[in-house]
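Colleague: Model the following, please.
(one chain, ligands or ions: 1)
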Amino acid sequence: MPEEQKKFYITTPIYYVNDKPHIGHAYTTIAADVLARLHRQLGDDTWFLTGTDEHGAKIEAAAKKAGKNPQEFVDEVSAKYSLTWDQLGIAPDDFIRTTEDRHKKSVAIFLNNLKNSGKVYGGDYEGLYCVGHEAFIKESDLVDGVCPEHKTKPEKIKEKNWFFKLSDYQNILKEKIEKDEILIQPNTRKNEVLSFINQGLEDIAISRPNVKWGIPIPWDIDQTTYVWVEALFNYCSAVGYGIDQEKFQKYWPADLHMMGKEIIKFHCIIWPALLLAIEIEPPKRVFANGFFTVAGQKISKTIGNVIDPNDWVAKYGADAVRYFLLREVPFGEDGDVSEEKLKSRYNSDLANGLGNLFSRITNMVEKFLDGDVELTKSPRDLSEVSEAFYNLDFSHGLEVAWETVAWADGLIDKAKPWELHKTEPKKVKELLINLVAVLSELALKLSPIMPDAANKIREALEQEKITKPSAPLFPKID
Ligand SMILES: [Zn+2]
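Modeller: Numbers count the residues shown, from 1 in each chain. As a prediction, the model looks like this:
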């Protein structure tokens, strides 16, 4: 990890508010929150952005179905996102909504600059559009005439659009990605993007003439901006593009865009090309996490196995959900989660592991040392934990941390302080000083992942007199 202080601008996608948040949204956003907390801990000037994407035909339709006007509808769903993040202990520096004035103003400036770049032209589009995707879809992508993902027939569209010359950026994008000037991780995603670019890039429509719920094209107000184009721009508008130049220059380019792997092409092709057109540096790094199955099955509304993260938080607490998701699956890979697995990890790793160690140590300090312990330097080096988190290898970092939990438990079992204190009180004191130091260091290193528990541990250990807390850190769940 670098020593000097830097700025660190990290983002999640802004989530589409056609439905409430699920476990996949929570996963990406928790990981981003962990990195933001870690960078703040390292002293970096950190800015963590998340938010909601609120325009487009799909939202218009969802609002209509719910019997609401679009603004009323997006207000409600967007609030569900920010409440859920709050429940999960996620603390962004900013939460942007694309229906906010600051975004609309910034997008208008961006679009004018894009037009002035000479990379925009008017033309006719004839083809297929999948409303589920909010994107044009090729005939060759259909299976039995329907979108394979949404199982719906695409709309046949013939309309006048404004286009962006994405095809002009094929070589420069390829070069920047190959040279890791735009670093795409994991490597499988980088290869996927490169092979897509190598097939040849086509120009894209950036406006829609028949979608009312959107941001008007400044020079053609009968058209609204294609929702993906303005949504991507949130990363710039939120830090003041065209409005607060000082802030924009301070934070741009983004150091890390986090997302699920399904939207990697939008972020690694369309997004940097739009930025290059307006002479703005592309993002430095894009990281895509994998997908979850639930108990071996694909998550789907039809199966009814969609997980509301709030349900898990209510039962197990935010720290446990954060811990579980990052521990269970190596970040970047696909994996399987279930409440059964969460419960098992909760009881073994948290209740019987860290929580039990905390109560053992504080109990013995109270009993054998009358609560008096000076806080010293940890005899065990835990820098590998933070280093793993820094490199987004959360599961490895947690594994290393829990090796220390097991090591400390083993030390206690072997020394048997409850017997030893009768004959060798000095040795018991030395042992407990070391254990308190290790536990305190462990809490510090774990605080980006489990801020609440880490705080409780450190507060307890920093007291004048340490006493065993009245309630367990993680009460066992049957
Ligand atoms: Zn689709």
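Colleague: In contact with the nearest residue to Asp334 once chain neighbours are set aside: list those residues for me.
Modeller: Excluding its sequence neighbours, the residue lying closest to Asp334 (Cβ to Cβ, 6 or more residues apart in numbering) is Gly290, at 3.9 Å. C-beta coordinates here come from the backbone N, C-alpha and C atoms, glycine included. Contact analysis of Gly290 by Cβ atoms under 8 Å, 6 or more residues apart in numbering lists 260-261, 329, 332-335.
Colleague: and with 7 Å instead?
Modeller: 261, 332-335 (Cβ atoms under 7 Å, 6 or more residues apart in numbering).
Colleague: Can you name the next helix or strand after the one helix or strand Leu432 maps to?
Modeller: For Leu432, the element it lies in under DSSP states H and E is helix 425-446. Per DSSP H and E, the first helix or strand lying C-terminal to helix 425-446 is helix 451-461.
Colleague: What separation do you get for the residue in the stretch 351-478 of the chain that the ion sits nearest to and Ser447?
Modeller: With distances taken as Cβ to the ion, the stretch 351-478 of the chain approaches the ion most closely at Leu392, which sits 29.3 Å away. Counting by Cβ to Cβ, to the nearest Å, the gap from Leu392 to Ser447 is 17 Å.
Colleague: need the residues of the stretch 51-200 of the chain near the ion, please.
Modeller: Residues of the stretch 51-200 of the chain that fall close to the ion, judged by Cβ under 5 Å from the ion: 130, 132-133, 147, 149-150.
Colleague: what's the most distant pair in those?
Modeller: With Cβ to Cβ as the measure, no two of these lie farther apart than Cys130 and Glu149, at 8.1 Å.
Colleague: if you count what's nearby, which of these two comes out ahead?
Modeller: Ranked by neighbour count (other Cβ atoms under 10 Å), Cys130 and Glu149 place Cys130 first, with 21 against 13.
Colleague: got the contact list for that one?
Modeller: Counting by Cβ under 7 Å, 6+ apart, Cys130 makes contact with 137, 147, 150, 152, 154.
Colleague: in this protein, which helix or strand is least confident?
Modeller: Sorted by mean pLDDT, DSSP states H and E, the helices and strands of the chain end with strand 135-137, the least confident at a mean of 88.
Colleague: and the residue of the stretch 351-478 of the chain closest to the ion, which of the three is it?
Modeller: Here Leu392 is recorded as coil under DSSP: H, G, I helix; E, B strand; the rest coil.
Colleague: ok but Phe95 is inside a strand, no?
Modeller: Yes. Per three-state DSSP, Phe95 lies within a strand segment.
Colleague: Which pLDDT value goes with the residue lying closest to it once chain neighbours are set aside?
Modeller: Distance criterion Cβ to Cβ, 6+ apart; nearest residue to Phe95, sequence neighbours excluded, is Gly51 at 5.1 Å. Looking at Gly51, its pLDDT is 98.
Colleague: Any idea what Gly51 is bridged to?
Modeller: Here Gly51 sits in beta bridges with Ile14, Ile96, going by DSSP bridges.
Colleague: OK, contacts around Lys58?
Modeller: 18, 131, 134.
Colleague: okay, stretch 301-313 in PDB with CA atoms only?
Modeller: Taking C-alpha atoms only, stretch 301-313 is exported to PDB below (Å, rounded to 0.1, in the frame of the first residue of the first chain):
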ATOM      1  CA  LYS A 301     -38.700 -13.400  -9.300                       C
ATOM      2  CA  THR A 302     -40.500 -16.400 -10.800                       C
ATOM      3  CA  ILE A 303     -38.700 -18.800  -8.500                       C
ATOM      4  CA  GLY A 304     -39.300 -16.300  -5.700                       C
ATOM      5  CA  ASN A 305     -35.800 -16.500  -4.200                       C
ATOM      6  CA  VAL A 306     -35.000 -12.800  -4.500                       C
ATOM      7  CA  ILE A 307     -33.300 -11.800  -1.200                       C
ATOM      8  CA  ASP A 308     -34.100  -8.500   0.400                       C
ATOM      9  CA  PRO A 309     -30.900  -7.500   2.200                       C
ATOM     10  CA  ASN A 310     -33.100  -5.700   4.900                       C
ATOM     11  CA  ASP A 311     -34.500  -9.100   6.000                       C
ATOM     12  CA  TRP A 312     -31.000 -10.400   6.700                       C
ATOM     13  CA  VAL A 313     -29.900  -7.300   8.500                       C
END
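Colleague: For that stretch, list every residue counted as buried.
Modeller: Within stretch 301-313, the residues scored as buried using 16 or more other Cβ atoms under 10 Å are 307, 309-310, 312-313.
Colleague: and which of those is nearest to the ion?
Modeller: The closest of these to the ion turns out to be Ile307 (Cβ to the ion; 22.5 Å).
Colleague: give the contact list for the closest one.
Modeller: Residues in contact with Ile307 (Cβ under 7 Å, 6+ apart) are 22-23, 294.
Colleague: Am I right that it sits in a strand?
Modeller: No. Under the criterion used here (three-state DSSP), Ile307 is coil, not part of a strand.
Colleague: low-scoring stretches of the protein, by residue?
Modeller: 3 (pLDDT under 70).
Colleague: mind checking which helix or strand the closest residue to Leu439 other than its chain neighbours is in?
Modeller: Among residues not flanking Leu439 along the chain, Ile361 sits closest, at 5.7 Å (Cβ to Cβ, 6+ apart). If you go by DSSP H and E, Ile361 is part of helix 356-369.
Colleague: That helix - contacts with which helices or strands?
Modeller: Packing contacts for helix 356-369, counted by 3 or more Cβ pairs under 7 Å, 6 or more residues apart in numbering; DSSP states H and E, involve helix 394-415, helix 417-423, helix 425-446.
Colleague: now the end-to-end length of stretch 233-247.
Modeller: Start to finish, the residues bounding stretch 233-247 are 16 Å apart (Cα to Cα, to the nearest Å).
Colleague: Same check on stretch 199-206?
Modeller: Across stretch 199-206, the straight-line distance between its terminal residues is 21 Å, by Cα to Cα.
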